[in-house]
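Undergrad: can you look at this prediction? I've put the sequence above it.
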Amino acid sequence: MAGNSIGKLLRLSSFGESHGPAIGGVLDGFPAGLSLDLEAVQAQLARRRPGQSKITTQRKETDQVEWLSGIFEGKSTGMPIAFIIPNSDAKSKDYEHLKHSFRPSHADKVYQEKYGLRDYRGGGRSSARETAVRVAAGALAQQLIAPISIKAYVSSVGELDLDPALNLDLSKIDSNIVRCPDSETASRFEDQINKARKDGDSLGGIITCRITQVPAGLGEPVFDKLHAELAKAMLSINAVKGFEIGSGFAGSRMRGSIHNDAFDSNGRRLSNNAGGIEGGISNGEEIYFRVAFKPVATIMKGQWGLDDQGEPTEIKGKGRHDPCVVPRAVPIVEAMAALVLADHLLLARTSKY
């Protein structure tokens, strides 16, 4: 089925459903001979896995990767790297009430329209459970692109924002369960998430990603611009509704004389409104962008949906769900950025004789 793969030279294909036996992926085009730290892959999955804190879904999954091919004696072989992640704590009975109903703001109705059937257990293929595959593959890609550094963090929850003027220590991103590098702001974010959870409601938020030590020259004209590829990768993540890079929408309010990243007498840029990408190609500056996530669609309040006869029916969420997805989405954003950059690093090798 189309739409389950991303990348050109480095290509990830994922498979599996939320309540099937396992999810998994095939990462093809990974160069041979790289020593791989598989514990680092597992550590990234631990940052995404459910049940990790009181503000996440309490579904208990260890997300232990089983490597099937492409790795021998700790090194990549150049063959497709295939892996699975078993589903060990699916509770399909929590979704029996949805067998003949379509929830508001979910993929239920559109999957039915497209395929003529759907897996209603936890959303099936449309579930964010699938993103564990991306994190595993992205953790390998991060090792391929070293020393490029990718750091994402929560910069907004609901109506609360992290002060952009703060001098952040990004080593503190994982010092709290919200994954915000400022402890005071993190505490406010956590309080908001807990309040929404107690109200049976949910919140959205924004993740900021900063990428450093990126070489100049990554990106392909005209349709495969680096920022376009990053945008597609981010918008493919469940619940993402917006992407902006560099000055983003705020740049539309500036004059060119302010927005242009002019140079000083030493050839250094005086600003980085471009977000590290000009003409779709990396310029060597820090790449930074923001990703907006909608509130989680499953809430514990009654709302009107439709049944399979087209009649309105009241639907109330059951089971285990995140009141706010952004803390767990931080490693997903990092993984998707790593996959895009790794693909373009390999593509860059074909650009010059």
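TA: Received the coordinates, thanks.
Undergrad: quick one, strands of the stretch 201-350 of the chain?
TA: Assigned by DSSP state E, counting those that start in this stretch, the strands in the stretch 201-350 of the chain fall at 205-212, 240-245, 277-278, 281-282, 287-293, 303-307, 312-315.
Undergrad: most tightly packed of those strands?
TA: strand 287-293 (a mean of 24; mean count of other Cβ atoms under 10 Å). C-beta: built from backbone N, CA, C; applies to glycine.
Undergrad: which residues in the stretch 201-350 of the chain form helices?
TA: Secondary structure of the stretch 201-350 of the chain (DSSP state H, counting those that start in this stretch): helices at 226-235, 256-259, 326-348.
Undergrad: distance from the second one to the middle of the chain?
TA: Its chain's C-alpha centre and that of helix 256-259 lie 32 Å apart, by Cα atoms, centre = their mean, to the nearest Å.
Undergrad: now do the first one
TA: From the chain centre to the centre of helix 226-235 is a distance of 11 Å (Cα atoms, centre = their mean).
Undergrad: still on that earlier bit, to Leu218, which of the helices of the stretch 201-350 of the chain lies closest?
TA: Leu218 sits nearest to helix 326-348 of all those, at 4.3 Å, using Cβ to Cβ.
Undergrad: for His227, what are its contacts?
TA: When contacts are counted by Cβ atoms under 8 Å, 6 or more residues apart in numbering, His227 touches Gly219, Ile245, Gly275, Ile277, Gly280, Phe289.
Undergrad: so which helix or strand takes in Gly25?
TA: strand 22-28 (DSSP states H and E).
Undergrad: show me what whichever helix or strand comes after that strand is packed up against.
TA: Later in the chain than strand 22-28, the nearest helix or strand by DSSP H and E is helix 38-48. Other helices and strands packing on helix 38-48, by 3 or more Cβ pairs under 8 Å, 6 or more residues apart in numbering; DSSP states H and E, are helix 131-145, helix 326-348.
Undergrad: how about a markdown table for these, with mean pLDDT added?
TA: A markdown table is the format used below for the helices and strands packed on helix 38-48 (pLDDT from 0 to 100):
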| stretch | mean pLDDT |
| --- | --- |
| helix 131-145 | 98 |
| helix 326-348 | 98 |
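Undergrad: got these as JSON lines, with distance to Ile207 columns?
TA: Shown next, in JSON lines, are the helices and strands packed on helix 38-48 (distance: least, Cβ to Cβ, whole Å):
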{"stretch": "helix 131-145", "distance to Ile207": "13"}
{"stretch": "helix 326-348", "distance to Ile207": "5"}
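Undergrad: any chance of the ones you listed in JSON lines with mean neighbour count and distance to Gly70 as columns?
TA: As requested, the helices and strands packed on helix 38-48 are exported to JSON lines (neighbours: other Cβ atoms under 10 Å; distance: least, Cβ to Cβ, whole Å):
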{"stretch": "helix 131-145", "mean neighbour count": "25", "distance to Gly70": "9"}
{"stretch": "helix 326-348", "mean neighbour count": "26", "distance to Gly70": "15"}
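Undergrad: which among those is found nearest to Asp174?
TA: helix 326-348 (8.6 Å).
Undergrad: what stretches of the stretch 201-350 of the chain score poorly on pLDDT?
TA: Within the stretch 201-350 of the chain, the ranges that satisfy pLDDT under 70 run 318-320.
Undergrad: for the stretch 1-150 of the chain, same thing?
TA: 1, 57-60, 89-94.
Undergrad: mind doing that once more with 90?
TA: Applying pLDDT under 90 to the stretch 1-150 of the chain flags the ranges 1-2, 18-20, 49-62, 87-113, 117-127.
Undergrad: the strands of the stretch 201-350 of the chain into TSV, with extra columns for distance to Lys8?
TA: Converted to TSV, the strands of the stretch 201-350 of the chain look like this (distance: least, Cβ to Cβ, whole Å):
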stretch	distance to Lys8
strand 205-212	19
strand 240-245	20
strand 277-278	18
strand 281-282	16
strand 287-293	19
strand 303-307	39
strand 312-315	41
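Undergrad: nearest to Gly116, out of the ones you listed?
TA: Of all the strands of the stretch 201-350 of the chain, it is strand 303-307 that lies closest to Gly116, at 16.3 Å by Cβ to Cβ.
Undergrad: what packs against the closest one?
TA: Against strand 303-307 (3+ Cβ pairs under 8 Å, 6+ apart) you get strand 101-102, strand 312-315.
Undergrad: among those, which is nearest Arg197?
TA: Arg197 lies closest to strand 312-315 among those, at 18.8 Å (Cβ to Cβ).
Undergrad: pairing partners for the closest one, with directions?
TA: strand 303-307 (antiparallel) (DSSP bridges).
Undergrad: contacting residues around the partner strand?
TA: His100, Ser101, Phe102, Arg103, Pro104, Asp108, Lys109, Pro312, Thr313, Glu314, Ile315, Lys316.
Undergrad: now flag whichever of those is closest to Ala250.
TA: Comparing those against Ala250 with Cβ to Cβ places Pro104 closest, at 31.8 Å.
Undergrad: which helix or strand contains the closest one?
TA: Going by DSSP H and E, Pro104 is not part of any helix or strand.
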